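A.B. asks: any chance you can model this:
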Amino acid sequence: MAMAVAQHHRESSSGSISKHLDNGKYVRYTSEQVEALERVYAECPKPSSLRRQQLIRECPILSNIEPKQIKVWFQNRRCREKQRKEACQLQTVNRKLSAMNKLLMEENDRLQKQVSQLVCENGYMRQQLHTTPAATTDGSCESAVTTPQHSLKDSSNPAGLLSIAEETLAEFLSKATGTAVDWVQMPGMKPGPDSVGIFAISHSCSGVAARACGLVSLEPTKIMEILKDRPTWFRDCRSLEVFTMFPAGNGGTIELVYTQIYAPTTLAPARDFWTLRYTTSLDGGSLVVCERSLSGSGAGPNAAAAAQFVRGEMLPSGYLIRPCDGGGSIIHIVDHLNLEAWSVPEVLRPLYESSKVVAQKMTIAALRYIRQIAQETSGEVVYSLGRQPAVLRTFSQRLSRGFNDAISGFSDDGWSLMSCDVAEDVTIAVNSTKHIGTTSNPSNSLPLFGGILCAKASMLLQNVPPAVLVRFLREHRSEWADFNVDAYSAASLKASSYSYPGMRPTRFTGSQIIMPLGHTIEHEEMLEVVRLEGHSFGQEDAFMSRDIHLLQLSSGIDENAVGACAELIFAPIDEMFPDDAPLLPSGFRIIPLDSKSGDASDALTTHRTLDLTSSLEVGPATNHTAADAASGYNTRSVLTIAFQFPLENNLPDSVAAMARQYVRSVISSVQRVSMAISPSGLVPTAGPKLSPGSPEAHTLANWICQSYRQNLNELHYNKGFSFHLGAELLRSDSLIGDSMLKNLWHHQDAILCCSLKSLPVFIFGNQAGLDMLETTLVALQDITLDKIFDESGRKLLCSEFAKIMQQGYAYVPGGICMSTMGRHVSYEQAIAWKVLSAEEDTVHCLAFSFVNWSFV
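C.D. replies: Model (predicted):
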């Protein structure tokens, strides 16, 4: 009986195992079954259990396969797909590493040659010092291949041009792959598998030079076409015209090219170049495009057109494009320029003497643009809102070009300056022949009655990181922009536009929504749509949308990019803007100024934002504070602001006044933000910066508080005041040194001081006072006391003046005053008192405290 039970157990176990093996055995699929499964996999790589059962029912050819086997097939198919992708990625990385290794080996060989050359030169100099001590040696790192001067004289005939072209080719190759220039690694741009390429800048070289080399997955011919079309990738290139072209040997061509470059700021003229460009091929399938300037400052197509430019010199530069094994190309780029820094104010010369700026604007930009095109061609870049990459690139180029046109204001484009005082800080230019964003489709160009008006200004920033400031302006538009001014510009895009100044009042809610459109591969440039939410004050159209849409381009917001220009450019657009929508760009540009060690210009005041339009001279040398030394950030940059407005024939003066006032307001806001974000943490010190001849900020703060306590002692018992201020402006424990100034600066009430002249002007204000008047401490000293009060306020103040001088203080009832932007400000009450100097018998100024103020 026991043996029978054991045998039965073995048979049942054997049957279970056999059944399990049958369910998990390998199934060989027919080609028709695989095709059917592949179709489903293309639609859904991971179907659910219900979907697999449905598949078996709908496909008779799969009816003999268990659902579990179908599940296993899809698992295996996903695994094979993953392995295939990983293998492709590994092959791509391997090719890239091999190419980068080849570049690094070439760079190592070049550095070894440079070391050998320096050792030989060192030995030669030692020998010369022993034989002829008086001999001198030129240590310049200028090109080792010297250019015979007689060749430049032969540029009027083809034979002479061919000779120049061959010499240019030899010099360029010696810079790209040789030791003609002493190259040093670009700060913050270390080579590696994930880097764009290898970047270097010149050291102790004539002019400014930069070099880049990298791997791009495009064929050499395609890369050559892109690089020769310089305006598409070099944003500062206004135009490039080829005037003469004739064939040369080896299937190459020689071209005479005239190039115009935009001015980077309103304080310097633009540049142009008259160059020879030589295109040829080398052994091994490499392509070369090299270029250099031809002699003669007056040479070029049109001397009259060139009068607006300063002729720059292009030393042998160009592109070496070599085919790479396994596809793609290795690119060597060299830019070597002499930008004639003598033609600009001394404070701006570092901008024209910096190899880092040339590297960021030209060399690195060229390599990044080619890599962007390569990734877009391969389908690796995905953009939102259904826009094609080429369309988004065109939008970016149009925004940048329109902003550059506004800054440079070329007369051949129709720009002319309005008659204004030479000392004006804001320049007003008018273009009566231009329409908003003339596009390829004339039907989309909007006629603007009187054209376009541009208000622009430049200033110097100290100790303000450009990337941080532009990022703040981008993310906090409500801190500096006026919604109604944006609405005025946007109204020109509407079919039923309403014109200035009869616009309907609109309230900006303060919220903005940023919708990304696209970005470059390293996120150094972003294109986005910004929606500003607004609501009407009127009840009849309270439910009508007053939102404003802006097309915005931001770049250079990476703090680690050395020498990079930071920009924020925007233009009003319609909500459903077409690909060729008209654009009227405005915005900001901040360019860092590299300072040389030991330069006297480094002694520029570190506690102010200076206006360069009215004064281009550097201030007197001052000692840097300990905070500057601790912060480790002591750089300068030039900020350029340009805002464009639609102009109407019947209101040119009104639009000009509005534009000038608005730009001044933006400048004030930027100055306030700059002091707040400065890494040196000098906000309390930067605020109370007094005019020459005034006492130090600490001294004046002490006088204000002491005089308040002395003159208003009896107000302690006055019920009208004690509930708010009492007899102390500040607590007694805060009247010590720096804390007193800091507390006064951050006091909740608006405290302002004015002089006792025949026309009183303000000499000091705390942060609340500056906010109330919507101005800065520098601009405050140009505001007279009578400008902030209306007629009744001025009469009341005159009637109280004698009381103030007699008893030392006076109470001013609540009322309305005016900010510098014309906005009404209400306050519950105000107190005025005499500020006595230390001798207590001399009245230094009058102080006002506005309690519980707010904008109406």
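A.B. asks: can you give me the helices for the stretch 301-450 of the chain?
C.D. replies: For the stretch 301-450 of the chain, applying DSSP state H, counting those that start in this stretch gives helices covering 349-352, 355-358, 364-378, 389-408.
A.B. asks: looking at the ones you listed, which is closest to residue 670?
C.D. replies: Counting by Cβ to Cβ, residue 670 lies closest to helix 389-408 out of these; the figure is 16.4 Å. Every C-beta, even on glycine, is put in place using the N, C-alpha and C of the backbone.
A.B. asks: where does the stretch 251-400 of the chain dip in pLDDT?
C.D. replies: By pLDDT under 70, the weakly predicted segments of the stretch 251-400 of the chain are 296-306, 380-386.
A.B. asks: all strands for it, in order.
C.D. replies: For the stretch 251-400 of the chain, the strands defined by DSSP state E, counting those that start in this stretch occupy 253-261, 270-281, 287-293, 309-311, 313-314, 317-323, 329-338.
A.B. asks: now those strands as JSON lines including distance to residue 205 and mean neighbour count?
C.D. replies: Output for the strands of the stretch 251-400 of the chain, formatted as JSON lines (distance: least, Cβ to Cβ, whole Å; neighbours: other Cβ atoms under 10 Å):
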{"stretch": "strand 253-261", "distance to residue 205": "20", "mean neighbour count": "20"}
{"stretch": "strand 270-281", "distance to residue 205": "19", "mean neighbour count": "21"}
{"stretch": "strand 287-293", "distance to residue 205": "16", "mean neighbour count": "24"}
{"stretch": "strand 309-311", "distance to residue 205": "20", "mean neighbour count": "18"}
{"stretch": "strand 313-314", "distance to residue 205": "13", "mean neighbour count": "22"}
{"stretch": "strand 317-323", "distance to residue 205": "13", "mean neighbour count": "24"}
{"stretch": "strand 329-338", "distance to residue 205": "8", "mean neighbour count": "25"}
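A.B. asks: show me the one of those strands that comes nearest residue 415.
C.D. replies: Going by Cβ to Cβ, the one of these nearest residue 415 is strand 270-281, 12.4 Å.
A.B. asks: and the closest one, which strands flank it?
C.D. replies: strand 253-261 (antiparallel), strand 287-293 (antiparallel), strand 309-311 (parallel) (DSSP bridges).
A.B. asks: can I get these in a markdown table including distance to residue 739?
C.D. replies: Listed next are the strands paired with strand 270-281 as a markdown table, based on distance: least, Cβ to Cβ, whole Å:
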| stretch | distance to residue 739 |
| --- | --- |
| strand 253-261 | 52 |
| strand 287-293 | 61 |
| strand 309-311 | 52 |
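A.B. asks: those: which one's closest to residue 44?
C.D. replies: Once those are compared by Cβ to Cβ, strand 287-293 is nearest, at 46.8 Å.
A.B. asks: who's in contact with the closest one?
C.D. replies: For strand 287-293, contacts defined as Cβ atoms under 8 Å, 6 or more residues apart in numbering pick out 164-165, 168-169, 171-173, 220-221, 223-224, 227-228, 257, 273-282, 312-321.
A.B. asks: one more: stretch 767-775?
C.D. replies: 665, 668, 672, 687, 745-752, 765, 776-777, 780, 783, 788, 817, 819-821, 823, 825, 850, 853.
A.B. asks: what about that stretch, average pLDDT?
C.D. replies: Per-region confidence: stretch 767-775 scores 85 on mean pLDDT.
A.B. asks: what do you get for stretch 210-227?
C.D. replies: Stretch 210-227 comes out at a mean pLDDT of 91.
A.B. asks: format the CA atom coordinates belonging to that stretch as CSV.
C.D. replies: Output in CSV follows, covering the C-alpha atoms of stretch 210-227 (Å, rounded to 0.1, in the frame of the first residue of the first chain):
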residue,chain,number,x,y,z
ALA,A,210,41.1,82.7,-30.1
ARG,A,211,41.2,79.1,-31.3
ALA,A,212,38.8,76.2,-31.1
CYS,A,213,38.8,72.6,-32.4
GLY,A,214,36.1,70.0,-32.1
LEU,A,215,34.2,67.1,-33.6
VAL,A,216,31.0,67.6,-35.5
SER,A,217,28.8,65.0,-37.2
LEU,A,218,28.5,66.9,-40.5
GLU,A,219,30.4,66.5,-43.8
PRO,A,220,33.2,69.1,-44.5
THR,A,221,31.4,70.6,-47.4
LYS,A,222,28.3,71.4,-45.4
ILE,A,223,30.4,72.9,-42.6
MET,A,224,32.3,75.1,-45.0
GLU,A,225,29.0,76.5,-46.4
ILE,A,226,27.7,77.3,-42.9
LEU,A,227,30.9,79.0,-41.7
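A.B. asks: low-scoring pLDDT stretches of the stretch 651-800 of the chain, where are they?
C.D. replies: For the stretch 651-800 of the chain, applying pLDDT under 70 flags the ranges 679-696, 712-738, 778.
A.B. asks: mind redoing it with 90?
C.D. replies: 651-659, 668-669, 671-748, 754-800 (pLDDT under 90).
A.B. asks: mind listing the strands for it?
C.D. replies: Using DSSP E, counting those that start in this stretch, strands in the stretch 651-800 of the chain cover 750-754, 762-765.
A.B. asks: in its sheet, what does the longest one sit against?
C.D. replies: Okay, so that is strand 750-754. Partners of strand 750-754, by DSSP bridges, with direction: strand 762-765 (antiparallel), strand 843-851 (antiparallel).
A.B. asks: run the chain-centre distance for the first one.
C.D. replies: Put plainly, it is strand 762-765. Distance of strand 762-765 from its chain centroid, counting by Cα atoms, centre = their mean, to the nearest Å, is 34 Å.
A.B. asks: and the contacts of stretch 767-775, which of them are in helices?
C.D. replies: Of those, the ones assigned to helices by DSSP state H are 665, 668, 672, 745, 777, 780.
A.B. asks: residue 454 belongs to a strand, doesn't it?
C.D. replies: Yes: looking at residue 454 with DSSP: H, G, I helix; E, B strand; the rest coil, it is inside a strand.
A.B. asks: which ones are touching it?
C.D. replies: Residues counted as contacts of residue 454 (Cβ under 8 Å, 6+ apart) are 406, 409, 415, 428, 429, 430, 431, 642, 643, 644, 645, 659.
A.B. asks: may I ask which of the residues you listed has the most neighbours?
C.D. replies: Of all the contacts of residue 454, the highest neighbour tally under other Cβ atoms under 10 Å goes to residue 642, namely 28 neighbours.
A.B. asks: I figured that residue hits residue 456, correct?
C.D. replies: Yes: at 4.0 Å, residue 642 counts as touching residue 456 under the criterion of Cβ atoms under 8 Å.
A.B. asks: mutual contacts of those two, please.
C.D. replies: Common neighbours of residue 642 and residue 456 (criterion: Cβ under 8 Å, 6+ apart): 266, 406, 407.
A.B. asks: between these, which sits nearest residue 245?
C.D. replies: residue 407 (32.0 Å).
A.B. asks: how near is that closest one to residue 268?
C.D. replies: Counting by Cβ to Cβ, to the nearest Å, the gap from residue 407 to residue 268 is 10 Å.
A.B. asks: can you check residue 794 too?
C.D. replies: From residue 794 to residue 268 the distance is 44 Å (Cβ to Cβ).
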